[in-house]
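A.B. asks: Generate coordinates for the sequence data below:
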Amino acid sequence: MESKLTARLVVDKASPIPYYYQIREQLRDMIDCGELPEGYVLPNEIKLAEICGVSRMTVRQALNQLAHDGLLIRERGTGTKVARPKIALPLECGPLLGYSELLKSVGHKVVTKVISQEEVACSHSTAVRLNVEPETPITCVVRVRLVDGDPLTTETSSYLASAFPGLSQRNLDGISIYELMEKEYGGMPDWAVDTFEISVATAHEGEILGVAKGNPVLLARRIAYDKSGAPIEYTKSITRSDRWMSTVRRSRHELVETIMPSGSDHKE
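C.D. replies: Take a look at the predicted model:
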């Protein structure tokens, strides 16, 4: 394996591209295509610097950035090794699924643990999203999802107590709330709007997810609606960026239909 690594890691010193960037991208390619498998321990910084003909600090910069991106794990005393592949979550316009249902559908083992659940008075910001008056009773559920053994996401979900009476008293450990809604309450959200943005972990979120305060995370918000168009769920989730990536499938036909629906009288 080291001979293959030596052959592949070549720094072009005539190139205007920084040396660390060349090393980083070559290692990234080898990890992405499986040439460097999960758990493979890279040579130490001194050896890699000799292979590439650069300084140790240049190598360290490349390795630290790959570790920051979740592709490498750097631990004192054990060296630098290739991390587990990220969880690829498909974000397509398909059936409305709960988070655990979606992850299970693409072959992952999901364990959901409830941190807290209680009926509380709705805050002003949540009331705006659920289109109700502040202080309206809601069931607030805080959960952490472990995917393939690792904590991946923490969620805070708010459900109208009037729509789902007794939800705060149910045992929700390991349960898909969407499946529970369908089986026990005779219905579930009909459609939802999801928004995504980049954020950083708070100390509390970092403690739950096993990352440092300030680490980049994905912040997602969902407002789910019933068939009448009334909002019944608001969920805020925080996902580790080092263990997650999204995949999106699009077709030209779908894109054209979205921009210019059939029957449009638009002419170029």
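A.B. asks: helix/strand/coil for R24?
C.D. replies: Going by DSSP: H, G, I helix; E, B strand; the rest coil, the secondary structure assigned to R24 is helix.
A.B. asks: mind listing what it touches?
C.D. replies: R24 sits next to Q61, A62, Q65, L66 when contact means C-beta atoms under 8 Å, 6 or more residues apart in numbering. (Glycine included, C-beta is placed from N, CA and C.)
A.B. asks: isn't the last one right next to L72, touching?
C.D. replies: Yes. Under the criterion of C-beta atoms under 8 Å, L66 lies in contact with L72, with a separation of 4.5 Å.
A.B. asks: Tell me where the stretch 101-250 of the chain has helices.
C.D. replies: Secondary structure of the stretch 101-250 of the chain by DSSP state H, counting those that start in this stretch: the helices cover 124-130, 177-184, 203-209.
A.B. asks: Let me have these in JSON lines, extended by distance to M30.
C.D. replies: Formatted as JSON lines, the helices of the stretch 101-250 of the chain follow (distance: least, C-beta to C-beta, whole Å):
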{"stretch": "helix 124-130", "distance to M30": "44"}
{"stretch": "helix 177-184", "distance to M30": "40"}
{"stretch": "helix 203-209", "distance to M30": "28"}
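A.B. asks: which stretch among the ones you listed comes nearest I115?
C.D. replies: If you check each of the helices of the stretch 101-250 of the chain against I115 by C-beta to C-beta, helix 203-209 wins as the nearest, at 7.4 Å.
A.B. asks: Output that closest one in CSV with nothing but the alpha carbons.
C.D. replies: Coordinates of the C-alpha atoms in helix 203-209 are reproduced here as CSV (Å, rounded to 0.1, in the frame of the first residue of the first chain):
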residue,chain,number,x,y,z
ALA,A,203,-21.3,23.4,23.5
HIS,A,204,-24.5,21.5,24.3
GLU,A,205,-24.9,20.2,20.7
GLY,A,206,-21.2,19.3,20.5
GLU,A,207,-21.5,17.3,23.8
ILE,A,208,-24.4,15.3,22.3
LEU,A,209,-22.8,14.7,18.9
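A.B. asks: what about the closest residue in space to E35 that isn't next to it in sequence, how many neighbours?
C.D. replies: In space, not counting the residues next to it along the chain, E35 is nearest to K4; the distance is 6.7 Å by C-beta to C-beta, 6 or more residues apart in numbering. As a burial measure, the neighbour count of K4 was computed by other C-beta atoms under 10 Å and equals 11.
A.B. asks: rank the helices of the stretch 101-250 of the chain by mean pLDDT and give me the bottom one.
C.D. replies: Among these, helix 177-184 carries the lowest mean pLDDT, at a mean of 86.
A.B. asks: Name the residues of it that come out as buried.
C.D. replies: Residues I177, Y178, L180, M181 are the ones in helix 177-184 that count as buried (16 or more other C-beta atoms under 10 Å).
A.B. asks: what's the nearest residue to the third one if we skip its chain neighbours?
C.D. replies: This points to L180. Setting aside the residues directly before and after it, L180 is nearest to R170 in space (C-beta to C-beta, 6+ apart), at 7.0 Å.
A.B. asks: Who are the contact partners of I232?
C.D. replies: If you count contacts by C-beta under 8 Å, 6+ apart, I232 has them with L130, Y159, L160, A163, F164, P189, A224, Y225, D226.
A.B. asks: try 6 Å this time
C.D. replies: Remark: with contacts taken as C-beta atoms under 6 Å, 6 or more residues apart in numbering, I232 is in contact with L160, A163, D226.
A.B. asks: Check D226 too.
C.D. replies: The contact partners of D226, by C-beta under 6 Å, 6+ apart, come to D190, I232.
A.B. asks: next one: phi and psi at it?
C.D. replies: Backbone geometry at D226, expressed as degrees, to the nearest 10, gives phi -90, psi -180.
A.B. asks: Below-threshold pLDDT in this structure: ranges please.
C.D. replies: In the prediction, the chain carries residues with pLDDT under 70 at positions 1, 88-108, 247-268.
A.B. asks: For it, just list every one of the strands.
C.D. replies: Secondary structure of the chain, counting by DSSP state E: strands at 72-75, 79-82, 87-90, 110-121, 137-147, 150-160, 191-200, 216-225, 231-240, 244-247.
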